[in-house]
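Participant: What follows is a predicted structure for the sequence shown.
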Amino acid sequence: MNEFALTSPAAPKKPRVRRGGWSWGPVEGAKLRTLSFGGGIQSTTLVEMMIAGVLPWVDAIIYAENNDGQRTREHVARMEERVRQASNYVQFLRVGEEMALTETIRARSTGDRGFGSGKRFVAAPFFTSNGGQGRRQCTREFKTEPLERRQRDLLGYKPRQRIPARSCEVWIGISTDEVVRAGAAFAGWVVNRYPLLEMRMSRQDCVRWLSERGLRVPPKSACIFCPYRSDSEWRWLRDNDPEGWAEAVEIDRLIRSTPGMRELEFLHSSRQPLAEVDLSTAAERGHGMLMVCEAGCGL
């Protein structure tokens, strides 16, 4: 039977165990300090605080590129230039896969077994027609692991060389309103640190801090086709980034055009084609204030 396989015959990776640490305050003895920069409000606030002297500089700011919207890419370029002008020694680095997930989805839809690079397809948590949702491998393989590889390089270690525990302190821009996302690092030699939690700052506190100083407040960063977007975020993409919206609509169509699929996949939780989803607000639908809230406070 010549049926297209969604993954290679190799066994999928096992779930990672968090072997590293989580520090409240500086990590004593760390050889390297980096900031995982996502291009959103929280990580931007951390960079601006370093520029303003509120926080000390890290050694490197690392941005994992993959499927971000045009507005986010433009903002990242501006922040890269601001860092370059503000510091003579802090590195602003970019990491990412040779082939973005969007390209593997396009190749997969044509029946290309190698996805253009001989790699297995990385699953994303798309909504399926049977009421389920796919596995979330994209963050790990397109964000976390490329960041760890660059940190390893900066420390001067080769792949599979043993790195002493607590060698790398990694700053992550998680705020008080999303504290459930905070946790220990996966790699045993990494210790995560959350400066915004230490300062008891929420996302709105970050917006206020930036606004009060006349600094640009970036849009919320997320992959163009992230299925965790709320309706308000999909509307924002449609109304403010036409190129990104067109790409999301294309990806939504392509994930249902793959040979050998057992279930249809969708970007939107309604399990309808994205281009056909009613994204109008309650006011636009004539409900006035009765249905204004979409449980998206602070978005």
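Facilitator: Cool, got the structure.
Participant: what are the ranges of the strands in the stretch 1-150 of the chain?
Facilitator: 21-23, 32-37, 60-64, 91-95, 127-128 (DSSP state E, counting those that start in this stretch).
Participant: any chance of these in TSV, plus distance to residue 44 and mean pLDDT?
Facilitator: Glycine gets a C-beta too; all of them are placed from N, C-alpha and C. Below are these laid out as TSV (distance: least, C-beta to C-beta, whole Å; pLDDT from 0 to 100):
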stretch	distance to residue 44	mean pLDDT
strand 21-23	22	84
strand 32-37	8	94
strand 60-64	11	92
strand 91-95	13	91
strand 127-128	30	86
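Participant: between these, which one is nearest to residue 170?
Facilitator: Nearest of these to residue 170, taken as C-beta to C-beta: strand 32-37 at 5.5 Å.
Participant: Give the residue spans of the protein that score low on pLDDT.
Facilitator: Along the chain, segments meeting pLDDT under 70 span 1-18, 20, 97-103, 108-123, 134-142, 259-260, 282, 285-299.
Participant: still on that earlier bit, with mean neighbour count and distance to residue 245 added, can I get the strands of the stretch 1-150 of the chain in CSV?
Facilitator: Listed next are the strands of the stretch 1-150 of the chain as CSV, based on neighbours: other C-beta atoms under 10 Å; distance: least, C-beta to C-beta, whole Å:
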stretch, mean neighbour count, distance to residue 245
strand 21-23, 18, 37
strand 32-37, 22, 25
strand 60-64, 21, 23
strand 91-95, 17, 25
strand 127-128, 19, 18
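Participant: can I get the ones you listed in JSON lines with distance to residue 107?
Facilitator: Formatted as JSON lines, those follow (distance: least, C-beta to C-beta, whole Å):
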{"stretch": "strand 21-23", "distance to residue 107": "38"}
{"stretch": "strand 32-37", "distance to residue 107": "28"}
{"stretch": "strand 60-64", "distance to residue 107": "21"}
{"stretch": "strand 91-95", "distance to residue 107": "22"}
{"stretch": "strand 127-128", "distance to residue 107": "21"}
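Participant: Among the ones you listed, which comes closest to residue 208?
Facilitator: Among those, strand 32-37 sits nearest to residue 208 (C-beta to C-beta), with 20.6 Å.
Participant: Who are the contact partners of residue 45?
Facilitator: 173, 196, 201, 206, 209-210 (C-beta atoms under 8 Å, 6 or more residues apart in numbering).
Participant: now do 10 Å
Facilitator: 54-55, 173, 175, 195-196, 199, 201, 203, 205-210, 215, 217-218 (C-beta atoms under 10 Å, 6 or more residues apart in numbering).
Participant: Quick check, central residue of the protein?
Facilitator: Centroid-nearest residue in the chain: residue 222, 5.5 Å away (criterion: C-alpha atoms, centre = their mean).
Participant: So it sits against residue 67, correct?
Facilitator: Yes. Using C-beta atoms under 10 Å, residue 222 is in contact with residue 67, at 9.0 Å.
Participant: end to end, how far does stretch 267-275 reach?
Facilitator: 10 Å (C-alpha to C-alpha, to the nearest Å).
Participant: how near is the closest residue to residue 50 other than its chain neighbours to residue 91?
Facilitator: In this structure, residue 50 finds its nearest non-sequential neighbour in residue 57, 5.1 Å apart by C-beta to C-beta, 6 or more residues apart in numbering. According to C-beta to C-beta, to the nearest Å, residue 57 stands 11 Å off from residue 91.
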